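J.: Provide a 3D model corresponding to the input given below.
(chains A and B)
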Amino acid sequence: NAGVTQTPKFQVLKTGQSMTLQCAQDMNHEYMSWYRQDPGMGLRLIHYSVGAGITDQGEVPNGYNVSRSTTEDFPLRLLSAAPSQTSVYFCASSYDSPNYGYTFGSGTRLTVV
Amino acid sequence: DQQVKQNSPSLSVQEGRISILNCDYTNSMFDYFLWYKKYPAEGPTFLISISSIKDKNEDGRFTVFLNKSAKHLSLHIVPSQPGDSAVYFCAASAFGGSRLTFGEGTQLTVNP
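T.: Sure thing, here's the model as predicted:
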């Protein structure tokens, strides 16, 4: 029973590089989301998905892409990393509406130099 | 603009006493509210929630109060324990809840 698995846990990128943050859940959850956590700003929604093949933008989508080809996986792609994307990224999932409580992964700490 | 605000970045209480964490919101369309707890180097974990049709919800030592007219909610922890020391986030959703909006978080420290 793995829950929500995020990889990698830590990553250092150079400005301009691209990478994909992986998120997988084994709970057959329909709803999945990506958040970033920055000091003093709480958790801000980047992108979310209400089911396979359906994605939508959150509060801070610029510089990020997502896709949801399967129920289990929801990768987050950084197209051209910038220092402003230095943050801790959390993936979350829920079976029904997030009103019933998201399950979060343990996070990916990303540093862009 | 910050639609969900937690104005106290930190709170310190003695073990056994009550902890009260506060949260204000500006979007009158929010109809569901949640609290999450986060320990260092871990993801947030869901704690308790409340629908806008209620003004109170209890779960063990945790009680959430909602004052819709003031657009204010609070989380009460009684009695507080050292293991409750964590960052607490409030969150809100609207229109059936496909997305959650979080506050900035409050660091609670419970001293033995």
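J.: show me what contacts A:Pro75?
T.: Applying Cβ atoms under 8 Å, 6 or more residues apart in numbering or on different chains, one finds that A:Pro75 lies in contact with A:20-23, A:66-67. Glycine gets a C-beta too; all of them are placed from N, C-alpha and C.
J.: now do A:Gly105
T.: A:3-6, A:23, A:90-92, B:43.
J.: skipping adjacent residues, who's closest to A:Met19 in space?
T.: The shortest distance from A:Met19 to any non-neighbouring residue, by Cβ to Cβ, 6 or more residues apart in numbering or on different chains, is to A:Leu78 (5.5 Å).
J.: partner strands of the strand or helix carrying A:Trp34 and their direction?
T.: Using DSSP states H and E, the element containing A:Trp34 is strand A:31-38. Strand A:31-38 sits in its sheet next to strand A:42-51 (antiparallel), strand A:87-94 (antiparallel), going by DSSP bridges.
J.: single out the most deeply packed of these.
T.: Among those, ranked by average contacts under mean count of other Cβ atoms under 10 Å in any protein chain shown, first place goes to strand A:87-94 (a mean of 24).
J.: neighbouring contacts of that strand?
T.: Contacts of strand A:87-94 (Cβ under 8 Å, 6+ apart): A:4, A:6, A:21, A:23, A:25, A:27, A:29-38, A:43, A:46, A:74, A:76, A:98, A:100-105, A:107-110, B:43-44.
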